[in-house]
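Engineer: all I have is the shape, not the residue letters:
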């Protein structure tokens, strides 16, 4: 009976260690893959997606009711400035650190004007005085910003595509 209990204990111990390792390292692996696939070629640039459906794989767990844009940022030396016009429909900007933690969200309820300007600072960004817009402080130098817009019945899809074109993501030095 004792050898059986030892085997069960060893299996539970190894399973727990494997489970914890997966929980800790999987988000980092996913962001590394994102960095390798997208951010390596398009740092501080906006990438727009077309309307997604259930077969789309460019966005993880896509919603067919939303139109997506993403900016892989690198705020190592200088803050990243993100600007966009804001629509009269649901609109959200989510900020993700290099380990995939969502550390900030700005949506249409937070903005009282027709446009938004966000200064994204990394831990090593040089200090900069800002007079307009929002200041967001990232826990990592690299990460991603996901911008979502509500499609609804798609009657305003042309307006949403035009809104995508107003979106910019660039370093403050440029």
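Structural biologist: Everything's here; your move. On a predicted model such as this, the values are computed, not experimentally measured, just so you know. Numbering: from 1, shown residues only.

Engineer: need the contact list for residue 99.
Structural biologist: By CB atoms under 8 Å, 6 or more residues apart in numbering, residue 99 lies in contact with 27, 28, 31, 140. Using the backbone N, CA and C atoms, a C-beta is placed for each residue, glycine as well.

Engineer: cool, residue 115 as well?
Structural biologist: Neighbouring residues of residue 115 by CB under 8 Å, 6+ apart: 83, 84, 85, 86, 166.

Engineer: and these, which of them are in helices?
Structural biologist: residue 166 (DSSP state H).

Engineer: what's the spacing between stretch 20-39 and its chain's center?
Structural biologist: Relative to the centre of its chain, stretch 20-39 is centred 13 Å away, using CA atoms, centre = their mean, to the nearest Å.

Engineer: touching that stretch from outside, list them.
Structural biologist: With CB under 8 Å, 6+ apart, stretch 20-39 has contacts from 47, 70, 72, 74, 96, 98, 99, 100, 101, 142, 143, 144.

Engineer: secondary structure added to the residues you listed, as TSV?
Structural biologist: Formatted as TSV, the contacts of stretch 20-39 follow (DSSP: H, G, I helix; E, B strand; the rest coil):
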residue	secondary structure
47	strand
70	strand
72	strand
74	strand
96	strand
98	coil
99	coil
100	coil
101	coil
142	strand
143	strand
144	strand
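
Engineer: if we only consider those residues, which is nearest to residue 128?
Structural biologist: Nearest to residue 128 among the contacts of stretch 20-39, counting by CB to CB, is residue 74 at 15.8 Å.

Engineer: check residue 143 and give its pLDDT.
Structural biologist: pLDDT for residue 143: 88.

Engineer: partner strands of the helix or strand of the chain at the bottom of the mean pLDDT ranking, with direction?
Structural biologist: Least confident helix or strand, the chain: strand 46-48 with a mean of 80, by mean pLDDT, DSSP states H and E. Paired with strand 46-48 in the same sheet, following DSSP bridges, are strand 66-74 (antiparallel).

Engineer: report the buried residues of the strand it pairs with.
Structural biologist: For strand 66-74, a neighbour-count test (16 or more other CB atoms under 10 Å) marks 66, 67, 68, 69, 70, 71, 72, 73, 74 as buried.

Engineer: so which of the contacts of residue 115 wins on neighbours?
Structural biologist: Greatest neighbour count in the contacts of residue 115, by other CB atoms under 10 Å, goes to residue 84: 23 neighbours.
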